[in-house]
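Peer 1: need a 3D model of the following:
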Amino acid sequence: MDAATPPLAPPRHLTKTELALELLRERIRSGELVPGQRLALEELTQSLGMSATPIREALRLLQADHLVDYRPHHGVVVKELAPEATVEIYRIRSVLEPLAAELAVEALAGERLAQLERLHEALRTAVSAGRGKRIAEVNADWHWTLYESAHSTYLNDFIRRLWGGFPWRTMWALPGRAEQSLREHEAMMEAIRSGDGAKAASRLRDHIVSGAETLVDGAERLRPE
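Peer 2: Numbers count the residues shown, from 1 in each chain. So this is what the prediction gives:
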């Protein structure tokens, strides 16, 4: 590892509540738990393989983060993201994530840069194969490898809150989005390789704006007459 590159953080120990929270966040983010779906405590204890107490606390935390709702006489459900909320999320992402990218590029070297290259190639392979789930996974890994290289705990926490409840697989189901995203990633990688943080930030901002436009356009076309 390059001497100038900080070592990757060791895995942290998770409490049962933290583990339940991460598992549920991932299932919401991946689209496994869909908006409007009821989250029955009894079913979650079986699928997660843990007792009701940490799951109940995780649901409370998800509700505080506006990822689930409580509906009287129905229970806890995955929150349905309104179009206005989607636009707002992307607007904030377009400010925070380019900042993280610019900070990251200034310090990016060694194993971190090599990892970005490996993930970029994995993304290319997944897009070529048309594997939506794999695209979502590799895309997330690429972005977080970049953002965590900024070494800004608060900035990353804010970005994770924006990413946490978004059904990313919806994006990759839209025609042409995966191929367009790959082209945008290649433009970002070009700036990153050259060490140009400002250009990487600008291209990432364009990437986020492009994603928002794709989602809004897709929602319009899928809306019933």
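
Peer 1: okay, now the domains of the chain?
Peer 2: Using automatic domain parsing, the domains assigned to the chain come out as 16-78, 83-222.

Peer 1: can you list those domains in TSV and add mean pLDDT and mean neighbour count?
Peer 2: (C-beta placed from N, C-alpha, C; glycine too.) TSV is the format used below for those (pLDDT from 0 to 100; neighbours: other CB atoms under 10 Å):
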stretch	mean pLDDT	mean neighbour count
domain 16-78	88	16
domain 83-222	89	17
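
Peer 1: Met171 in helix, strand or coil?
Peer 2: Under DSSP: H, G, I helix; E, B strand; the rest coil, the three-state class of Met171 is helix.

Peer 1: wait, it touches Ala212, no?
Peer 2: No. The criterion here is CB atoms under 8 Å, and Met171 misses it with Ala212 at 10.2 Å.

Peer 1: what about the strands in this protein?
Peer 2: 68-71, 75-78 (DSSP state E).

Peer 1: for the last one, packing partners?
Peer 2: What that stands for is strand 75-78. Contacts defined by 3 or more CB pairs under 8 Å, 6 or more residues apart in numbering; DSSP states H and E place strand 75-78 against strand 68-71.

Peer 1: quick one: contacts for Asp206?
Peer 2: Asp206 makes contact with Glu184, Ala187, according to CB atoms under 8 Å, 6 or more residues apart in numbering.

Peer 1: same thing but 7 Å
Peer 2: Contact analysis of Asp206 by CB atoms under 7 Å, 6 or more residues apart in numbering lists Glu184.

Peer 1: same check, this time on Ala40
Peer 2: Gly75.

Peer 1: centroid-nearest residue for this protein?
Peer 2: Trp163 (4.2 Å; CA atoms, centre = their mean).

Peer 1: contact partners for it?
Peer 2: Arg29.

Peer 1: mind redoing it with 8 Å?
Peer 2: Counted by CB under 8 Å, 6+ apart, Trp163 has contacts Arg29, Ala140.

Peer 1: likewise for Leu24?
Peer 2: Leu24 neighbours (CB under 8 Å, 6+ apart): Leu33, Leu39, Leu44, Leu48, Ile55, Ala58, Leu59, Leu62.

Peer 1: now Val209
Peer 2: By CB under 8 Å, 6+ apart, the contact list for Val209 reads Tyr90, Ser94.

Peer 1: go again with 7 Å.
Peer 2: Applying CB under 7 Å, 6+ apart to Val209 gives the contacts Ser94.

Peer 1: Lys199 too?
Peer 2: Ala191.

Peer 1: 289 is where my numbering starts, stick with that
Peer 2: OK, 289 is where the count begins now, so the last one is Lys487.

Peer 1: what distance do you get for it to Val383?
Peer 2: 17 Å (CB to CB, to the nearest Å).

Peer 1: distance check, the closest residue in space to Met459 that isn't next to it in sequence against Pro342.
Peer 2: Once flanking residues are discounted, Met459 sits nearest to Arg465: 5.8 Å by CB to CB, 6 or more residues apart in numbering. Arg465 sits 36 Å away from Pro342, taking CB to CB as the criterion.
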